[in-house]
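Asks: pasting the sequence and the predicted coordinates here, then a few questions.
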Amino acid sequence: MKIKVGVIYGGSSVEHEVSIITAVQAMSFMDTEKYDVVPIYITKDRQWYTGKMLMDMEVYRDFDSLKKYAKTVCLTNIDGEYCLQATKGIFRKVIDKIDIAFPIVHGKGVEDGSLEGYLESIGIPTVGPSILGAAVGQDKIVMKQILDSYKIPNPAYTWFFDFEYQQDSETIIKNIEKLKYPVIIKPARLGSSVGIKIAKDRNELVVAIEDAVKYDSKILVETVIKDLKEVNCAVVGNSEYQETSLIALMKTKNEFLTYEDKYLSGGKGKKGIKGAKGNNMSTSEFDIPAKISKELESDVKELAKKTFKALDLSGVARIDFLIDNKTNKVYVNEPNTIPGSLSFYLFKPAGKEYKALLDEMITMAIKKYKNESKKISSFESNILSTYNGSKGVKGKI
């Protein structure tokens, strides 16, 4: 019997469209001899839909007109089965059932642990990072604090809340200027380079901050490495085992890889974008494998594994790095806990096909679920049987 894989994607994030592309692409590569793929699409207004029609990219060009052919559902646990239950109708019938959830989501509100938390609360086996790994990977500030604790190199930084800037912008700016210009300003919990700007002086800094606070209440400011190259390395595995991909050397005409570089520029990358069956969702240009020294290659791969483990990641994550060309020092820029195209294009040139990568991710999730099911999660004793509401419960315990 085939395993029913519920691929969950979309959401209210600004990376909604990127998630759709990644998910539709992944669904088209899954091994249909082993898996029955069930698409579960979350709209920007947080409605959940299912239906095989959702596996066709063309549907999303005019979804409002076509959504009447899909079913609105909620995912719930009914007697130990994970059911997609209708949200309309008197009887709320079960539309479909799944065995395992495969979130392919990007950005705040889904990739940040929110979705993972819900899936864990109903008990379904889930592909990808833990709640902690997802949350930490999405919050660039907490992520950097953890990297610091593991002595994993990352660019010097400071951060603040939006209300702190509104209350005392002068103090915040003076603190930032201790880093020295140029600096890069980032919303702390967004991805795909949304809301990011470089400032070379105070005027540009103010403009960049005012733009960043439109997207997030936490703002990260980092020192800019002036003479650098950006490289990416993906990791597949879990806390016990990590396998690195080839390394990609990124190319851009801008000071950093922008959203336009990644998705809108029309560039062709190494192989180009060909839709759901394409080689790589991103339009960024890159060289695979990166033409860097063996020593740098070793440093990047070792730091990729160390970062993956420190942040409690699993499944596939892509770690982005900055290399200072003057010193050859490698810095972790950020992790992508559920990366675009699931970074299969970084594994494929080394011989791991996308179908095999997806199969490996699902297999690891099932193994993790079985292992965690053996752990003690509750006790036989029922403290409620001795609870006296008028006196409280502590004394009885």
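Replies: On my side now, so go ahead. Residues are numbered from 1 along each chain as shown.

Asks: only C-alpha atoms from now on, for both contacts and neighbour counts.
Replies: Fine.

Asks: so where do the helices sit in the stretch 201-350 of the chain?
Replies: 202-212, 259, 294-310, 344-347 (DSSP state H, counting those that start in this stretch).

Asks: what mean pLDDT does the first one have?
Replies: Translated: helix 202-212. Across helix 202-212, the average pLDDT comes to 96.

Asks: least trustworthy helix or strand in this structure by mean pLDDT?
Replies: Least confident helix or strand, the chain: helix 259 with a mean of 47, by mean pLDDT, DSSP states H and E.

Asks: how about the strands of the stretch 1-150 of the chain, start to end?
Replies: 3-10, 35-42, 48-50, 71-78, 81-86, 94-98, 100-103 (DSSP state E, counting those that start in this stretch).

Asks: got a markdown table for these, with distance to D148, mean neighbour count and mean pLDDT too?
Replies: Converted to a markdown table, these look like this (distance: least, C-alpha to C-alpha, whole Å; neighbours: other C-alpha atoms under 10 Å; pLDDT from 0 to 100):
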| stretch | distance to D148 | mean neighbour count | mean pLDDT |
| --- | --- | --- | --- |
| strand 3-10 | 32 | 23 | 98 |
| strand 35-42 | 35 | 22 | 98 |
| strand 48-50 | 39 | 24 | 98 |
| strand 71-78 | 38 | 19 | 97 |
| strand 81-86 | 40 | 21 | 97 |
| strand 94-98 | 40 | 18 | 97 |
| strand 100-103 | 29 | 23 | 98 |
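
Asks: I'd like those laid out as JSON lines, including distance to V142.
Replies: Listed next are these as JSON lines, based on distance: least, C-alpha to C-alpha, whole Å:
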{"stretch": "strand 3-10", "distance to V142": "25"}
{"stretch": "strand 35-42", "distance to V142": "27"}
{"stretch": "strand 48-50", "distance to V142": "30"}
{"stretch": "strand 71-78", "distance to V142": "30"}
{"stretch": "strand 81-86", "distance to V142": "33"}
{"stretch": "strand 94-98", "distance to V142": "34"}
{"stretch": "strand 100-103", "distance to V142": "22"}
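
Asks: so which of these is nearest I196?
Replies: Evaluated with C-alpha to C-alpha, these place strand 3-10 nearest to I196, the distance being 22.1 Å.

Asks: only alpha carbons, please: show the closest one as PDB.
Replies: The C-alpha trace of strand 3-10 is given here as PDB (Å, rounded to 0.1, in the frame of the first residue of the first chain):
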ATOM      1  CA  ILE A   3       2.100   6.000   1.800                       C
ATOM      2  CA  LYS A   4      -0.200   9.000   1.500                       C
ATOM      3  CA  VAL A   5       2.000  12.200   1.700                       C
ATOM      4  CA  GLY A   6       0.200  15.400   2.400                       C
ATOM      5  CA  VAL A   7       2.300  18.300   0.900                       C
ATOM      6  CA  ILE A   8       1.300  21.500   2.700                       C
ATOM      7  CA  TYR A   9       2.300  24.800   1.100                       C
ATOM      8  CA  GLY A  10       1.300  28.500   0.700                       C
END
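
Asks: contact partners of it?
Replies: Strand 3-10 is contacted from outside by 16-17, 19-20, 23, 27, 34-44, 97-106, using C-alpha atoms under 8 Å, 6 or more residues apart in numbering.

Asks: nearest to V224, out of the strands of the stretch 1-150 of the chain?
Replies: Closest approach to V224 among the strands of the stretch 1-150 of the chain (C-alpha to C-alpha): strand 3-10, 32.3 Å.

Asks: need the winner for burial among the helices of the stretch 201-350 of the chain.
Replies: helix 344-347 (a mean of 24; mean count of other C-alpha atoms under 10 Å).

Asks: could you count how many residues lie near the closest residue to I247 other than its chain neighbours?
Replies: Excluding the flanking residues, the one nearest I247 by C-alpha to C-alpha, 6 or more residues apart in numbering is C233, at 4.8 Å. Around C233 there are 26 other residues, counting by other C-alpha atoms under 10 Å.

Asks: wait, C233 touches R318, no?
Replies: Yes: the pair C233 / R318 is scored as a contact, 5.7 Å apart, by C-alpha atoms under 8 Å.

Asks: joint contacts of these two?
Replies: With C-alpha under 8 Å, 6+ apart as the test, C233 and R318 reach no residue in common.

Asks: isn't V231 right up against K251?
Replies: No: if you go by C-alpha under 8 Å, V231 and K251 don't touch, sitting 9.2 Å apart.

Asks: ok, these two, which is more surrounded?
Replies: Taking other C-alpha under 10 Å, V231 and K251 do not tie; V231 has more neighbours (25 against 17).

Asks: who's in contact with D162?
Replies: Each residue near D162 by C-alpha under 8 Å, 6+ apart is listed here: 213, 216-219.

Asks: one more pass at 6 Å, please.
Replies: The neighbours of D162, taking C-alpha atoms under 6 Å, 6 or more residues apart in numbering as the test, are S217.

Asks: and it, how far is that from G315?
Replies: Plainly put, D162 is 33 Å away from G315 if you go by C-alpha to C-alpha, to the nearest Å.

Asks: tell me how many other residues crowd the nearest residue in space to E204 that is not next to it in sequence.
Replies: Among residues not flanking E204 along the chain, I198 sits closest, at 7.8 Å (C-alpha to C-alpha, 6+ apart). I198 has 20 neighbouring residues, counting by other C-alpha under 10 Å.

Asks: I198: which element?
Replies: Secondary structure from DSSP states H and E places I198 in strand 197-199.
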